[in-house]
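Enquirer: need coordinates for the following:
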Amino acid sequence: MNAQAAIADGRGNFSIEEIEVGSPLADEVLVEIKAAGICHTDHASLNWKRPLIMGHEGAGIVREVGASVTHVKVDDRVVLNWAIPCEHCFQCQRGMAVLCEESKPAYVMEPSKGHAHADGTKWCGKPIDRSFNIGTLSSLTLVKAAAVTLIPESVPFTSACIVGCGVMTGFGSAVNVAKIERGSSVVVIGVGGVGLNVIQGAKVAGAGKIIAVARKAARLEVAKQFGATHTMQVQRDDKDLRLAVEQVKALTNGRGADYAFEATSVPELAFSPLLFVRNGGMALQLSGINDAVTIEMPAFMWDKIYITPLYGQCIPNRDFPKIFDLYQKHQLKLDELVTRTYPLAQLGEALDDMMQGRNSKGVITFN
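Expert: The predicted structure is shown next:
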């Protein structure tokens, strides 16, 4: 079958191309994508040194299933995830599918065993990789069965697709990784798509103070709608956030917050959450920054924990139903995260709007 897909050339550019997508093998599923979320990693994938089908947040309808697939069937509504476990490696056996040593979801610049069979997706007659093993910026995608989870009928595709990464990363980092305690204080630095979902996770966990830190006043107003109890606009000359740190300390009995999350994608701020937390607090860096950055070692003192979690330690069949249940109970916002939708032909505009901070979340829709 033919499909339309966004293909990165590995040198900073992309184009919309026609690809060929085959039928699934025994443990695979063919999905017609209806909506695909956009995040900073998609922009980064333009430079991953090889051609590949872009996108790693997606939701759609099952069109074919392999003979051994039992948890979904044709015409089911599903959301995709990129933490595709092999189920037998060291990491999968200890319940860390996000660190699977076979599908290697964290090593997005390398080919991976987590892909559907090599001849399942072709461009110009040759096999082509899919970003994060799923390549959702494509009207059809062929994936491993473990990459799909059912969506309740009440959840729109445009809202469901963003659960596949941005929502899961923020919410999961708050709930699964930090395990935020009720009544605690939380700082969230950067309130784009991931940061807003940290705020939502902190609210669900019962945090007492949720302090949103950002440079734009408009973004802070959005943060209030998602559960921030306090907001702090960073001053233009406060490059390393030291002034903001002092303001946070004033709100937290002079000692700093219990938890602080970085979600800015700004390399210079990779270690900034360490400055906001108290002794013995937890600092989490969520942006996946790969640049070389430095910090003075005293920032780690005393007994502070610094962690760069992957995908909120997602276990899809545990976490996605929980998120959809909270949505259905009006305890977690999804629809409101989507600032704008675009057709695939406007992907360039969607990426630009994201990079310029115009959207909480942009979503590509397929007819």
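Enquirer: hmm, Leu337 is touching Cys161, no?
Expert: No. If you go by C-beta atoms under 8 Å, Leu337 and Cys161 don't touch, sitting 10.7 Å apart. (Each C-beta comes from the backbone N, C-alpha and C, glycine too.)
Enquirer: the two - which one has more neighbours?
Expert: Ranked by neighbour count (other C-beta atoms under 10 Å), Leu337 and Cys161 place Cys161 first, with 33 against 26.
Enquirer: that one against Cys39, yeah?
Expert: No. With contact defined as C-beta under 8 Å, Cys161 does not count as touching Cys39 (11.0 Å).
Enquirer: what residues are shared contacts of those two?
Expert: Glu57 (C-beta atoms under 8 Å, 6 or more residues apart in numbering).
Enquirer: chain neighbours aside, what residue packs nearest to Val198?
Expert: Nearest residue to Val198, sequence neighbours excluded (C-beta to C-beta, 6 or more residues apart in numbering): Gly170, at 4.3 Å.
Enquirer: I misspoke; the intended subject was Gly227.
Expert: Lys203 is the one closest to Gly227 (C-beta to C-beta, 6+ apart), at 3.5 Å.
Enquirer: now for the one you found, how many residues are close by?
Expert: Quick note: Lys203 (other C-beta under 10 Å) scores 19 neighbours.
Enquirer: helices along the chain, start to end?
Expert: Assignment of helices within the chain using DSSP state H yields the ranges 40-44, 90-93, 157-160, 166-172, 193-205, 217-225, 242-251, 272-276, 316-328, 347-355.
Enquirer: what packs against the last one?
Expert: Contacting helix 347-355 under the criterion 3 or more C-beta pairs under 8 Å, 6 or more residues apart in numbering; DSSP states H and E are the following elements: strand 14-21, strand 28-38, helix 40-44, strand 340-343, strand 362-365.
Enquirer: any idea of the angle it forms with strand 28-38?
Expert: 60 degrees (axes from the mean of the first three to the mean of the last three C-alpha atoms, to 10 degrees).
Enquirer: next, find the distance separating Gln4 from Ala345.
Expert: According to C-beta to C-beta, to the nearest Å, Gln4 stands 9 Å off from Ala345.
Enquirer: ok, now Glu296?
Expert: 48 Å.
Enquirer: more neighbours: these two, which one.
Expert: Legend: neighbour count by other C-beta under 10 Å for Glu296 and Ala345, higher for Ala345 (11 against 8).
Enquirer: surely that one meets Ile16?
Expert: Yes. Using C-beta under 8 Å, Ala345 is in contact with Ile16, at 6.5 Å.
Enquirer: so what pLDDT did the closest residue to Pro156 other than its chain neighbours get?
Expert: Sequence neighbours aside, Asp335 is the residue nearest to Pro156 in space, at 6.9 Å (criterion: C-beta to C-beta, 6+ apart). Listed pLDDT for Asp335 reads 97.
Enquirer: then Glu262?
Expert: For Glu262, pLDDT reads 97.
Enquirer: where's Asp291 relative to Gly10, distance?
Expert: 19 Å.
Enquirer: domain map for the chain?
Expert: 2-155+334-365, 167-311 (automatic domain parsing).
Enquirer: show me what contacts Lys73?
Expert: Contacts of Lys73 by C-beta under 8 Å, 6+ apart are Val62, Val65.
Enquirer: with adjacent residues omitted, what lies nearest to His88?
Expert: Nearest non-adjacent residue to His88 (C-beta to C-beta, 6+ apart): Glu102, at 7.8 Å.
Enquirer: and Gly256, by the same measure?
Expert: In space, Gly256 is closest to Arg278, 3.8 Å off (C-beta to C-beta, 6+ apart).
Enquirer: that neighbour: neighbouring residues, count only.
Expert: Neighbours of Arg278 under the rule other C-beta under 10 Å: 20.
Enquirer: quick one, what contacts it?
Expert: Arg278 makes contacts with Thr252, Arg255, Gly256, Ala257, Asp258, as judged by C-beta under 8 Å, 6+ apart.
Enquirer: out of these, who has the most neighbours?
Expert: Result: Ala257 is most packed of those (other C-beta under 10 Å), 27 neighbours.
Enquirer: contacting residues around that residue?
Expert: When contacts are counted by C-beta under 8 Å, 6+ apart, Ala257 touches Ser185, Val186, Val187, Lys209, Ile211, Val248, Phe276, Val277, Arg278, Gly281.
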